[in-house]
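S.K.: Provided below are the primary sequence and the corresponding predicted coordinates.
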Amino acid sequence: MATTAATLPFLHIPLPKPATPPPHALPLPTKLHPKTRPHPLPLLILLPRRRRGGPIAAFSAPASSSASASTSSLSAYDAREAEAAVAELLRESGASPADADAIAVRAPGYAAMLADGVRELDELGLWASWSSGAGGGAVEMEMGRLGFRRNVYLMGRSRRDHGVVPLLESVGVRLSSAKLIAPYVAAAGLPVLINRVKFLKEMLFSSSDYATLIGRNAKRMMTHLSIPADDALQRTLSFFEKMEARYGGVNMLGHGDVSFPYLIESFPMLLLCSEDDHLKPLINFLEYIGIPSPRIASVLLLFPPIILSDIENDIKPRIHEWEKAGIEQEYVGMMLLKYPWILSTGVIENYRQILLFFKRKKITSTALGIAAKSWPHILGCSTKRMNSILELFNDLGISKKMVVPVITSSPQLLLRKPDEFVQTVVFFREMGFDKETVGRILCRSPEVFASNVESTLKKKINFLVDFGVSKHHLPRTIRKYPELLLLDINHTLLPRMNYLLEVGLSKKDVCSMIYRFSPILGYSIELVMKPKLVFLLRTMKKPLKAIVEYPRYFSYSLERKIKPRFLVLKNRKIDCSVTDMLAKNDELFAEEYLGTGLLQKPLQPSKGS
């Protein structure tokens, strides 16, 4: 396998050689993503950006405003006649009557282009020269006697695009791009291309359940890529940039009416992928390696070059590269679902660089494997950025031994920009923590350092202060339970606070409990808090203030510690506080209340159960 970055090879399909357009007709190159390097792109990829608006949906929605603008100079009658002529051309090229009518309706720009050509010949009296050049042999007078529809039809026939241009326009491709693409795919035949368009749309957009997830992952993949992009990644980034230029951006990637035109403009050779010989086998293979059928579209939309790749010669060898690296096939499928770019040769090569970097840092390859399985986006991260983060770890006193659990539990920290990580450190320093304490918080709860300071950390602090927790007590509260900063306000913090208020505690009591034992805000109401509180009040007959004095009560197992110790004390008719009953270890409890050194059955605390 080559170690240099290279694109996934496209299918080698024999294509007719189109006529070369004049130099002035060549479109400008698409603007490259900032993270890509310049490279020569074939004509089909150098398509001009799509204007906002324009027809989008295939065979369904009415023509858009921009398309209707191109026909505004036509009378309603002429527009209908031109549309009918286009439908006739489509039928002649093999489209069914229903498909021909649907495509013609969705290709007003093409009809207007033909109609404008007819009117121009009428106005300039050039039918004779046109007809001789077109090989029609008709004289100007004879052409003039033909109806408008017939002239539009003849104008369309002279273009010899075999109905492919209106088909492409009907699915939302710009007319200018459609004219460039058509010569490369027309040999497949219009009926085949119509069915292929339908198959591709069904394959990629049959379900909208994961549309939001696709857009979110596309943004994440673009943001965290910090290595030079190989050709396949450059084409994908160019496709994403076209999406970003329109309303909704890559968030609309999973919506076919929006993204399909850009997909065809960026990867026109998709139209030459045989359903039976290539597309269906590809779907079956992705299912075989563990991609759930509804999620296959996510993988393909996030890295379209996969569709153009040969399974045996391109995809399987790349998967084998990950298996050689110690990633089991079942995990390769999971990684591919999260980060389809693992099939990029550039990402595979970067993995080798990360492996050497980790070796120099005396971090095991096993740690890298664990991190990559859970957060494969790190495989697109440069070692330079990783080194910046590890240097910041070192500045906080994190030993090499502790680095491993940090990056295996929260690999996304390696993707953080240094200034973002420093902001989190400053946040804790401003709360009064020294570097050593900040380092301990990082080791205990690395995910906190992957959170946004403004939208997550400060928001939680402000919420606690607004509720009534003293700013003076906050450092201790956070130091004891930094995971508190990761809890959702509306779904976790507020419901637990409200529950404690509803059972009869005051805000002051709840704030005191949070200060004494902040993990209480992470316990389940139904599974932990409610059953233990019911047992305390009804069975043990203790007052509600007992949990204010000893909120750690909720951390002990009801079945393995609270009930057994209560029964021991009840049988001996001993009355003591909840603190005295639970705070002592088994040996001290037995010595004080049983007169022995050890309980027969050691009773261990169990957090949250």
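M.R.: Yep, it's here.
S.K.: what residues are up against residue 468?
M.R.: 507, 508, 510, 511 (C-beta atoms under 8 Å, 6 or more residues apart in numbering). C-beta: built from backbone N, CA, C; applies to glycine.
S.K.: which strand or helix spans the second one?
M.R.: Translated: residue 508. Applying DSSP states H and E as the criterion places residue 508 in helix 507-516.
S.K.: can you spell out which helices and strands pack onto that helix?
M.R.: helix 458-467, helix 474-480, helix 494-502, helix 545-549 (3 or more C-beta pairs under 8 Å, 6 or more residues apart in numbering; DSSP states H and E).
S.K.: among the ones you listed, which comes closest to residue 444?
M.R.: helix 474-480 (9.4 Å; C-beta to C-beta).
S.K.: name the helices or strands packed onto the closest one?
M.R.: Here helix 474-480 touches helix 435-444, helix 458-467, helix 507-516, going by 3+ C-beta pairs under 8 Å, 6+ apart.
S.K.: please repeat the previous calculation with a cut-off of 10 Å.
M.R.: On a contact count with 3 or more C-beta pairs under 10 Å, 6 or more residues apart in numbering; DSSP states H and E, helix 474-480 meets helix 418-430, helix 435-444, helix 458-467, helix 507-516.
S.K.: buried set for the third one?
M.R.: This points to helix 458-467. By neighbour count with 16 or more other C-beta atoms under 10 Å, helix 458-467 contains the buried residues 460, 461, 464.
S.K.: which of those lies closest to residue 542?
M.R.: Closest to residue 542, out of all of the buried residues of helix 458-467 and judged by C-beta to C-beta, is residue 464, at 27.7 Å.
S.K.: quick one on the thing from earlier: which among the contacts of residue 468 gets closest to residue 438?
M.R.: Distances from residue 438 to these, taken by C-beta to C-beta, are shortest for residue 511, at 24.9 Å.
S.K.: mind listing what that closest one touches?
M.R.: 464, 467, 468, 469, 470, 473, 477, 497, 505 (C-beta atoms under 10 Å, 6 or more residues apart in numbering).
S.K.: now the second one: how far from residue 501?
M.R.: It stands for residue 467. Here the criterion is C-beta to C-beta, to the nearest Å. By it, residue 467 lies 10 Å from residue 501.
S.K.: what is in contact with these two at once?
M.R.: Counting by C-beta under 10 Å, 6+ apart, the shared contacts of residue 467 and residue 501 are 507, 510.
S.K.: need the helices and strands packed on helix 474-480 in CSV (columns: mean pLDDT).
M.R.: What follows is the helices and strands packed on helix 474-480, written out as CSV (pLDDT from 0 to 100):
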stretch, mean pLDDT
helix 418-430, 96
helix 435-444, 95
helix 458-467, 96
helix 507-516, 96
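S.K.: between those, which one is closest to residue 544.
M.R.: Comparing the helices and strands packed on helix 474-480 under C-beta to C-beta, the one sitting nearest is helix 507-516, at 8.6 Å.
S.K.: and whatever helix or strand comes next after that closest one, how far from the chain's centre?
M.R.: Following helix 507-516 in sequence order, the next helix or strand is helix 530-534 (DSSP H and E). Between the centre of helix 530-534 and the centre of its host chain there is 41 Å, according to C-alpha atoms, centre = their mean, to the nearest Å.
S.K.: output helix 530-534 as PDB, nothing but the C-alphas.
M.R.: This file holds the C-alpha atoms of helix 530-534, laid out as PDB (Å, rounded to 0.1, in the frame of the first residue of the first chain):
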ATOM      1  CA  LYS A 530     -36.600   8.300  46.300                       C
ATOM      2  CA  PRO A 531     -36.300   4.700  47.600                       C
ATOM      3  CA  LYS A 532     -33.600   5.600  50.100                       C
ATOM      4  CA  LEU A 533     -35.500   8.600  51.400                       C
ATOM      5  CA  VAL A 534     -38.700   6.500  51.800                       C
END
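S.K.: now the closest residue to residue 279 other than its chain neighbours, what are its backbone angles?
M.R.: Distance criterion C-beta to C-beta, 6 or more residues apart in numbering; nearest residue to residue 279, sequence neighbours excluded, is residue 273 at 5.4 Å. Main-chain dihedrals, residue 273, degrees, to the nearest 10: phi -80, psi 120.
S.K.: and if you look at residue 229?
M.R.: phi -90, psi 130.
S.K.: use 25 as the first number from now on
M.R.: Taking 25 as the first residue, the last one we looked at is residue 253.
S.K.: from residue 264, how far off is it?
M.R.: 11 Å.
S.K.: residue contacts, the closest residue in space to residue 582 that isn't next to it in sequence?
M.R.: Distances taken as C-beta to C-beta, 6+ apart put residue 556 closest to residue 582, at 5.5 Å, once the chain neighbours are dropped. By C-beta under 10 Å, 6+ apart, residue 556 lies in contact with 547, 571, 577, 578, 579, 580, 581, 582, 586, 633.
S.K.: show me which of those residues is closest to residue 196.
M.R.: residue 547 (52.1 Å).
S.K.: does that closest one touch residue 553 like I think?
M.R.: Yes - in this structure, residue 547 is within contact of residue 553 by C-beta atoms under 10 Å, at 5.5 Å.
S.K.: phi, psi for residue 195 please.
M.R.: Backbone torsions for residue 195, taken as degrees, to the nearest 10, come to phi -100, psi 10.
S.K.: please apply the same query to the one 4 residues further on.
M.R.: Taking degrees, to the nearest 10, you get phi -60, psi -40 for the backbone angles of residue 199.
S.K.: also residue 314?
M.R.: According to degrees, to the nearest 10, residue 314 has phi 110, psi 10.
S.K.: need the nearest residue in space to it, chain neighbours excluded.
M.R.: That would be residue 357: by C-beta to C-beta, 6+ apart, it lies 2.8 Å from residue 314.
S.K.: ok, now which ones touch that neighbour?
M.R.: By C-beta under 10 Å, 6+ apart, the contact set of residue 357 is 310, 311, 312, 313, 314, 315, 316, 319, 323, 343.
S.K.: run the last query once more with 8 Å
M.R.: 313, 314, 315.
S.K.: my read: the second one touches residue 353, true?
M.R.: Yes - Residue 314 lies in contact with residue 353 (C-beta atoms under 8 Å); the separation is 7.4 Å.
S.K.: on that earlier part again, of all the helices and strands packed on helix 531-540, which lies closest to residue 615?
M.R.: Counting by C-beta to C-beta, residue 615 lies closest to helix 569-573 out of those; the figure is 23.5 Å.
S.K.: and the closest one, average pLDDT?
M.R.: Here helix 569-573 scores 96 as its mean pLDDT.
S.K.: one step back: okay, and the common contacts of residue 547 and residue 553?
M.R.: 520, 578.
S.K.: need the helices and strands packed on helix 498-504 in CSV with distance to residue 201, can you?
M.R.: As requested, the helices and strands packed on helix 498-504 are exported to CSV (distance: least, C-beta to C-beta, whole Å):
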stretch, distance to residue 201
helix 442-454, 39
helix 459-468, 50
helix 482-491, 45
helix 531-540, 60
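S.K.: OK, contacts around the spatially most central residue of the chain?
M.R.: By C-alpha atoms, centre = their mean, the chain has its centre lying nearest to residue 241, at 1.3 Å. By C-beta under 8 Å, 6+ apart, residue 241 lies in contact with 322, 326, 362.
S.K.: before we move on, what about residue 142?
M.R.: Counting by C-beta under 8 Å, 6+ apart, residue 142 has contacts 172, 175, 176, 179.
S.K.: can you flag which of the residues you listed belong to helices?
M.R.: If you go by DSSP state H, the contacts of residue 142 have 172, 175, 176, 179 in helices.
S.K.: closest one to residue 505 out of those residues, please.
M.R.: Of the ones in helices among the contacts of residue 142, the one sitting nearest to residue 505 (C-beta to C-beta) turns out to be residue 176, at 75.0 Å.
S.K.: read off the pLDDT value for the closest one.
M.R.: Note on residue 176: pLDDT of 91.
S.K.: separation between it and residue 380?
M.R.: Counting by C-beta to C-beta, the gap from residue 176 to residue 380 is 65 Å.
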